[in-house]
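Student: based on what follows, work out the 3D shape:
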Amino acid sequence: MELTVRLDQRMADIPREAWSVLTAPHYTPILEWTWLDLLERSGSIAPEHGWEGRHLTLWRGKDLVAGAPLYKKSHSWGEFVYDFAFADFANRHGGRWYPKLVGMSPATPSIGWQVLTAPGENTEALTTRWLEEAEKLAQREQAASLQFNFVAPRWAETLLKRDPSWYHWSHQSFLWTNRSLTSFEDYLGCFDKNQRRNIRREIEGFERQGYRTQLIEGPDIPEDWFSLMGSLYDKTNAQFGPWAARFLEPAFFEGLDALRPFLLFAATFRDPDPQPQALSFLLRNGQRIIGRYWGEVEHVDLQYFNICYYAPLRWAIEHGISSFDPGAGSPLKVRRGFESEVHYSLHRFFDPASEELFKWYIDEVNREEEQRVQELNEAVPFRQGGLWKGL
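Tutor: This is a model prediction of the structure:
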């Protein structure tokens with residue numbers, strides 16, 4: 001049966017059950033219909049904020065067989081692929097960087113975007129067709145480029161091998177990998193003597209102030225914590241002024257009840273007060289947890305390290321979680337055992353001047369970023385001859 005191409009501006013226009021067939025094999029909440037729909041329905045990801053939905057799907061009769069979230073962008077905020085210098089240079093030298101079509105899970109710097117295909121289908125053929133239609137769409141929209149961010153590594157490698165004309169841009173990200181650890185003491189044992197002592201001091205120093213940390217899974221998270229998480233998210237971002245990563249509206253947090261199967265919250269308490277003094281919002285993705293947002297009611301020394309790193313790591317080890325993606329930024333992660341890895345954004349240009357600029361610089365940019373990854377990993381204070389170093 002002939003394939004039908006469909007374009008929707010909102011996830012709400014795509015049947016949830018049909019989209020779930022595509023996401024089921026991937027166990028990635030950031031591509032789930034509910035996550036993407038909540039971003040849009042809450043007004044967080046919307047045309048007035050520079051995100052215009054262009055969700056491209058392929059259908060065989062009534063069956064959805066391929067698709068991916070896609071957006072028309074007039075800026076680069078919320079992408080966490082920092083191409084502002086490229087955009088500025090292109091605009092000053094006769095190029096055109098915007099608008100562009102961007103494939104990603106909006107405002108979510110977590111690896112996993114790809115063209116989703118239904119189980120049992122010819123993935124290569126459907127992916128090729130989807131990409132062809134995306135290029136046609138970009139040209140109809142007069143987009144300067146087609147760009148995919150935080151792509152799934154195997155998917156990216158397969159695409160680049162099949163079609164090396166795509167440009168790839170290397171980016172650094174952090175990931176903690178559980179190499180058969182069975183206890184938090186095993187985790188501590190991975191570090192050199194000085195860092196083991198530092199981590200113990202950070203945990204004990206926090207607890208001596210009268211605080212404890214607890215992780216609560218989705219079904220058991222009190223409903224009033226959702227709005228509290230929203231206010232703490234705003235408070236955290238307020239500290240960074242114009243450089244804040246504030247992209248979510250209060251309605252997003254108020255709608256989190258629909259995402260309970262994927263949610264994991266870390267909370268700190270100071271007994272006997274039953275109300276959380278800080279919250280950290282994580283997603284559970286099969287055998288991976290993903291750190292998203294955090295905030296504290298009042299600043300408490302060492303709270304950040306405990307609620308965002310140590311408590312989730314302890315929980316991950318106890319529950320056999322294979323990896324922990326802590327989110328973007330913060331070199332503080334290096335000393336807590338988060339290693340660096342390279343992920344890619346993929347680019348195809350329709351503006352010749354911008355393509356020439358990108359082509360001229362990207363090899364050097366990639367070399368520098370890959371060198372940075374190597375240097376960050378050399379700085380992780382694992383002990384010589386331990387689980388990592390010396391093998």
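
Student: elements contacting the longest helix seen in the chain?
Tutor: When the chain is parsed with DSSP state H, its longest helix is helix 352-378. On a contact count with 3 or more Cβ pairs under 8 Å, 6 or more residues apart in numbering; DSSP states H and E, helix 352-378 meets helix 84-92, strand 167-177, strand 339-349. In short, each C-beta sits where N, CA and C put it, glycine included.

Student: buried sites along whatever helix or strand comes next after the second one?
Tutor: Counting by DSSP states H and E, the element after strand 167-177 in chain order, helix or strand, is helix 184-189. By neighbour count, and taking 16 or more other Cβ atoms under 10 Å as the criterion, the buried residues in helix 184-189 are 184, 187-188.

Student: now render these as a markdown table, adding pLDDT.
Tutor: Output for the buried residues of helix 184-189, formatted as a markdown table (pLDDT from 0 to 100):
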| residue | pLDDT |
| --- | --- |
| 184 | 97 |
| 187 | 97 |
| 188 | 97 |
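
Student: dump those residues into JSON lines; add distance to residue 271 as well.
Tutor: JSON lines is the format used below for the buried residues of helix 184-189 (distance: Cβ to Cβ, whole Å):
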{"residue": "184", "distance to residue 271": "22"}
{"residue": "187", "distance to residue 271": "26"}
{"residue": "188", "distance to residue 271": "26"}
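
Student: closest one of those residues to residue 100?
Tutor: Nearest to residue 100 among these is residue 187, at 41.4 Å by Cβ to Cβ.

Student: tell me how far the closest residue to the closest one other than its chain neighbours lies from residue 382.
Tutor: Spatial nearest neighbour of residue 187, excluding adjacent residues (Cβ to Cβ, 6 or more residues apart in numbering): residue 181 at 5.6 Å. Noted for residue 181: a distance of 13 Å to residue 382, by Cβ to Cβ, to the nearest Å.

Student: anything in contact with each of the two?
Tutor: Taking Cβ atoms under 8 Å, 6 or more residues apart in numbering as the criterion, residue 181 and residue 382 both touch residue 190.

Student: in the stretch 151-300 of the chain, where is pLDDT below threshold?
Tutor: Confidence mapping of the stretch 151-300 of the chain against pLDDT under 70 gives the ranges 242-244.

Student: let's see it at 80
Tutor: Along the stretch 151-300 of the chain, the parts satisfying pLDDT under 80 run over 240-244.

Student: helices of that one, start to end?
Tutor: Here the stretch 151-300 of the chain has its helices, by DSSP state H, counting those that start in this stretch, at 153-162, 184-189, 193-208, 224-238, 250-254.

Student: want to try TSV for those helices, with distance to residue 92 as columns?
Tutor: As requested, these are exported to TSV (distance: least, Cβ to Cβ, whole Å):
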stretch	distance to residue 92
helix 153-162	30
helix 184-189	49
helix 193-208	46
helix 224-238	30
helix 250-254	36
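
Student: domains of the protein?
Tutor: Per automatic domain parsing, the domain ranges recorded for the chain read 3-173+342-378, 179-321.

Student: now the end-to-end length of the last one.
Tutor: Counting by Cα to Cα, to the nearest Å, you get 10 Å between the two ends of domain 179-321.

Student: rewinding a little: how far away is the residue nearest to residue 187 from residue 27?
Tutor: Relative to residue 27, and taking Cβ to Cβ, residue 181 is found at 21 Å.

Student: out of those two, which sits in the more crowded spot?
Tutor: Of the pair residue 181 and residue 27, residue 181 is the one with more neighbours under other Cβ atoms under 10 Å, namely 19 against 15.

Student: distance of the more buried one relative to residue 323?
Tutor: According to Cβ to Cβ, residue 181 and residue 323 sit 12 Å apart.

Student: and for residue 131?
Tutor: 29 Å.

Student: got the contact list for residue 334?
Tutor: Applying Cβ under 8 Å, 6+ apart, the residues near residue 334 are 174, 340, 376, 379-380.

Student: out of the residues you listed, which end up buried?
Tutor: Those of these that meet the buried threshold are 174, 340, 376, 380, by 16+ other Cβ under 10 Å.

Student: residue contacts, the second one?
Tutor: Under the criterion of Cβ under 8 Å, 6+ apart, the contact partners of residue 340 comprise 172-175, 334, 372-373, 376-377.

Student: swap in the third one?
Tutor: Going by Cβ under 8 Å, 6+ apart, residue 376 touches 172, 331, 334, 339-340.

Student: separation between the closest residue to residue 262 other than its chain neighbours and residue 164?
Tutor: The spatial neighbour of residue 262 that comes closest, neighbours along the chain excluded (Cβ to Cβ, 6+ apart), is residue 29 at 3.9 Å. Going from residue 29 to residue 164 by Cβ to Cβ gives 32 Å.

Student: which of these two has more neighbours?
Tutor: Ranked by neighbour count (other Cβ under 10 Å), residue 29 and residue 164 place residue 29 first, with 23 against 9.

Student: list the residues that contact the more buried one.
Tutor: 35, 259, 262, 283-285, 290.

Student: out of those, which comes closest to residue 195?
Tutor: Among the contacts of residue 29, and counting by Cβ to Cβ, the member closest to residue 195 is residue 290, at 24.5 Å.

Student: does that closest one touch residue 283 like I think?
Tutor: Yes. Applying Cβ atoms under 8 Å as the test, residue 290 and residue 283 come out as touching, 4.4 Å apart.

Student: what do the two both touch?
Tutor: Common neighbours of residue 290 and residue 283 (Cβ under 8 Å, 6+ apart) are 29-30.
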